[in-house]
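In: please work out how this folds:
(2 chains)
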Amino acid sequence: MIVSIIGGGPAGLYLAILLKKADAAIDVRLLERNSPDATFGWGVVFSEETLGALRDADHETFLEITDTFARWDRVDIHYHGRVLRSRGHSFSAIARKQLLEILQRRCFSLGVDLAFGVGVDDVPADADLVVGADGANSFVRRAYEAEFGTSVVPEGCKYAWFGTDLVFDAFTFIFRETEHGLFHVHAYPFDEHTSTFIVECPEPTWRRAGLHELSEEESLVFCEQLFARDLRGRELFSNRSLWLDFPKVTNKVWHYGRTVLLGDAAHTAHFSIGSGTKLAMEDAIALRDALVHRAWDVEAALVDYELGRQPVVERTQQAASESAAYFARVAGYRELEPIQFAFNLLTRSGRITHANLTFRDPAFTRALDGWFARTAEVLAPPPMFAPLELRGLTLENRAVVRPDTPSAGAGLVLSGFVAVSSEGRITPETAMMDDWTPGARPVALQLGHAGRRGACRPRSVGVDIPLRNGWELVSASALPYGPFSAVPLELDEDGMAAVRADFVAAAARAAKLGVDILELDFAHGYLLGSFRSPLSNHRTDGYGRERLRFPIEVLDDIRRVWDGVMAVRLSVTDWARGGVSVDEGIAIARAVVEHGCDLVHTVAGQTIAEDRPEHRRGFLTALSDRVRTEARVPTLVGGHLTTLDDVNTIIGAGRGDLCILDLPLSDVERELAQGSIPAERAVVPS
Amino acid sequence: MNVGVGLPTTTPGTDGAMVLEWARRADAGPFSSLAVLDRVVYDCLDPFAALAAAAAVTGRVRLATMIAIGPLRPTALLAKQAASVHALSGRRLTLGLAVGARIEDYEAASVEHRGRGRRLSEQLAYLRGGIDEDRVGPPRDGIELLVGGASGQAFSRMARYADGYAHGGGPPRAFAGAAARANAAWRDLGRPGRPRLWGQGYFALGDVEGGNAYLRDYYAFTGPFAERVVAANLTSARAIKDFLRGYEEAGCDELVLFPTSADAAELDRLTEVVAA
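Out: Residues are numbered from 1 along each chain as shown, chains lettered A, B, ... in the order given. Take a look at the predicted model:
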């Protein structure tokens, strides 16, 4: 059997070693374009679990690799002149050059046919298996890009990858304010003399600083001066350290016939979670395992390899993209207090949460909890149980429940949609303000007018299914909502005046009833929401030219009769082409805040029936984060949050202020709900 | 979790007698449903004709499409066919609908492929709605409606119009991910309770090679994905038991195991594993 490996990076070399070890009779040929000692980049990072896999796969290289390792367990965050330290994160790193040398030596000793300085013009024809381990810009992949379903898109900030002779003793993040914008550094040691030092900033900052016009040497000097204090007089080194965009590589399939992709050629993961080399070497192990398991049946083994690796890699790529996006918008978090800023950074990719950080570093979450509870005491409850003050109202905790779930213990109960008038109902069963009374407290009264989504059958049957004999609908424009929906009347001036009067009367009644929070519905394509989007508002009058005008008029009217906490439920984006974008949604959030809104209940979509949502656990968290940060307003967020840990993480990191919980009833709770323990008990033999 | 079994309507060389015998045995076995697939350009039976035949020889199991490609059929005729199977079976129909994966089926049916999602939404609203003022009988109440598909729109369509979600197959972990999306969409659309979650897998307990060959042929249109379907074929009692356990943990309500051969002995082997 002949195996041709294209690319002599960690993935290719490691695979060569593992295959040769598995069966010395296999003819393993590795082709590398560059010379053996040409390498780009400085150090690479491994986690504890990767080390376990390397130990099991090849003990000899494992020992050599771990011998030269730099190890640390701390993440240091330099921010606003403070250093926030978090412990319990086990990392190791090695010089990329050193790693390659170890792997090359092992290849030679095992009899792998290594050829350096060999350009590959054609995928080798005589091989039984061709492995594309030739990096993010893979030549092998490009030969079959359509078959692989390749996508390469840039993500995150501009970055330059330097080395320095300052040896850090932790994974170090440094944030530095400049007149051009915020720069930040990811730095970590990889041997006893040297550290990796990656400088990042968003593209506009990079341009303002003129870095697009500087040479490699000039930009090194720029970075050295910018971070002189952090470098403590040490130097930066360049190794083709140009400013780059990180390419996110994905492939729908990783093999085609006898050709398979490995490592960066198949998938990249943004460097800010330090997983690229780890994934590449794990790929090599998985491919070896599959070939051995399938007794060198290449086709079956490639399917196994792909099936086994893809889900794992997709999760890592998702986390890496979250992390890249975090760093791209990190300037927005500059006003967070250092401890919250640090917790937000640590939890950026979704892989660290309040609960597992408590396990790694209990002192850190204790400090966060204490700061969050604004208590000088050492012991404080986690963020979910911290009270929230809103315009003189104190909610005891941050957990919010929907009307159809048990409310005991929650900080706030939502009323569910309450219509301001009978025409404003969604279904005949929708509660109306005239006969609504609060149940559990404190309560947020969710006041709305269904608009063109009215006159439907109950939601136990389905959503937006029109009644056979419904009532007349009104909306911003005469456009039906969904299939078979009635065409609404375009709300005229008289109609608007009537709707405004209904909202004011409802708000006055809410005040009389002693409601705790009044929430006005600007969401999901209901009446006020239909005005805010070009997809549902085609008016040619002033209310079309200025789409927020009518919803804001209603808000202003209500503000005059309601002096309690005012919330607005807002679809921040339409999730549809031609509709309200997230940026526009944030501008709307700013406008409602200017008009007296104290709390934005962040939702999205449903402006039109055929939108393109991405429902999953926590699908609204990123939107809430942006509204809270950019419109500077407390937010209420749901989006299928199913654990208390979700809530502690969101609240603790400042991505929201109140969270709607969807707690599924567990087996244990069902068992306990059975009541007291039965009287008959087994007799314990004495 | 309930366990259903597929009716062998897409396996090669299947005749009417074999399908009816399979249906009889399934009805007498530990299965809660009998399900069919839908494809135009292939040597396979029409899903509604097959379920109508099965209705005549069964009295207990639910009869399900996993899924039928809704937009291939004019809406009123789809409603008519579904309602007829529902009536013939004594109200046992579960109607799973999706847009399907093959352009050639649309071409063969002379139906525009573009706009299929929107048309499926219309069909679902129609089936749910009493839009036709019940002129197109028999009555459709009691038809359990499922929606399949993996796009964001498929999940919101499901939550808007259906009773549950029909997953397209894969390891339990993939099902768990889809279940979370289905639940998230359900809550976001303001539906009470939770969606019914249906899963599916393939099995071959007798002639494994024959079963794999059938899957390679049936899924040839997916290119390299065909080998993945083959790799996921459940070919031992242990694999089936692990699969059932994994799906149950992932919150599946009804798991349908599809045969890769019409040999009735295959059903007997599966019965033994499921009943044990």
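
In: endpoints of stretch B:187-203, how far apart?
Out: End-to-end distance for stretch B:187-203, by Cα to Cα, to the nearest Å: 34 Å.

In: now stretch A:477-487
Out: Stretch A:477-487: ends 9 Å apart by Cα to Cα.

In: show me what from the stretch 351-500 of chain A comes close to chain B.
Out: A:404, A:417, A:457, A:459-466, A:468, A:482-484 (Cβ under 8 Å from any Cβ of the partner chain). For glycine as for every other residue, the C-beta is placed from the backbone atoms N, C-alpha and C.

In: looking at these, which are in strands?
Out: Cross-referencing those against strands under DSSP state E gives residue A:417.

In: name the nearest residue to residue B:122, ignoring sequence neighbours.
Out: What sits nearest to residue B:122 in space, not counting adjacent residues and going by Cβ to Cβ, 6 or more residues apart in numbering or on different chains, is residue A:483, at 4.0 Å.

In: tell me the contacts of the one you found?
Out: Taking Cβ atoms under 8 Å, 6 or more residues apart in numbering or on different chains, we find residue A:483 in contact with A:609, B:118, B:121-122, B:125-126.

In: which parts of the stretch 51-200 of chain B are strands?
Out: B:62-69, B:93-98, B:144-148, B:164-166, B:196-203 (DSSP state E, counting those that start in this stretch).

In: figure out which of these is closest to chain A.
Out: Of all the strands of the stretch 51-200 of chain B, strand B:144-148 sits nearest to chain A, with 8.4 Å by Cβ to the nearest Cβ.

In: still on that earlier bit, relative to residue B:267, which of the strands of the stretch 51-200 of chain B is closest?
Out: Across the strands of the stretch 51-200 of chain B, residue B:267 has its closest neighbour in strand B:196-203 (10.1 Å, Cβ to Cβ).

In: what packs against the closest one?
Out: Here strand B:196-203 touches strand B:62-69, strand B:144-148, strand B:164-166, helix B:172-188, helix B:208-218, helix B:225-232, helix B:237-249, strand B:254-259, going by 3 or more Cβ pairs under 8 Å, 6 or more residues apart in numbering or on different chains; DSSP states H and E.

In: for residue 5, phi and psi?
Out: You didn't pick a chain, so chain A it is. phi -110, psi 120 (degrees, to the nearest 10).

In: wrong one, chain B
Out: Taking degrees, to the nearest 10 as the convention, residue B:5 sits at phi -130, psi 150.

In: correct me, but it touches residue B:259?
Out: Yes: using Cβ atoms under 8 Å, residue B:5 is in contact with residue B:259, at 7.3 Å.

In: find residues that contact each of these two.
Out: Common neighbours of residue B:5 and residue B:259 (Cβ under 8 Å, 6+ apart) are B:267, B:270.

In: follow-up on the earlier one: dump the strands of the stretch 51-200 of chain B into TSV; add distance to residue B:272 and mean pLDDT as well.
Out: Shown next, in TSV, are those (distance: least, Cβ to Cβ, whole Å; pLDDT from 0 to 100):
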stretch	distance to residue B:272	mean pLDDT
strand B:62-69	22	98
strand B:93-98	25	98
strand B:144-148	28	98
strand B:164-166	27	98
strand B:196-203	12	98
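
In: got those as JSON lines, with distance to residue A:625 and mean neighbour count columns?
Out: Output for these, formatted as JSON lines (distance: least, Cβ to Cβ, whole Å; neighbours: other Cβ atoms under 10 Å in any protein chain shown):
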{"stretch": "strand B:62-69", "distance to residue A:625": "37", "mean neighbour count": "25"}
{"stretch": "strand B:93-98", "distance to residue A:625": "34", "mean neighbour count": "28"}
{"stretch": "strand B:144-148", "distance to residue A:625": "31", "mean neighbour count": "24"}
{"stretch": "strand B:164-166", "distance to residue A:625": "29", "mean neighbour count": "27"}
{"stretch": "strand B:196-203", "distance to residue A:625": "30", "mean neighbour count": "25"}
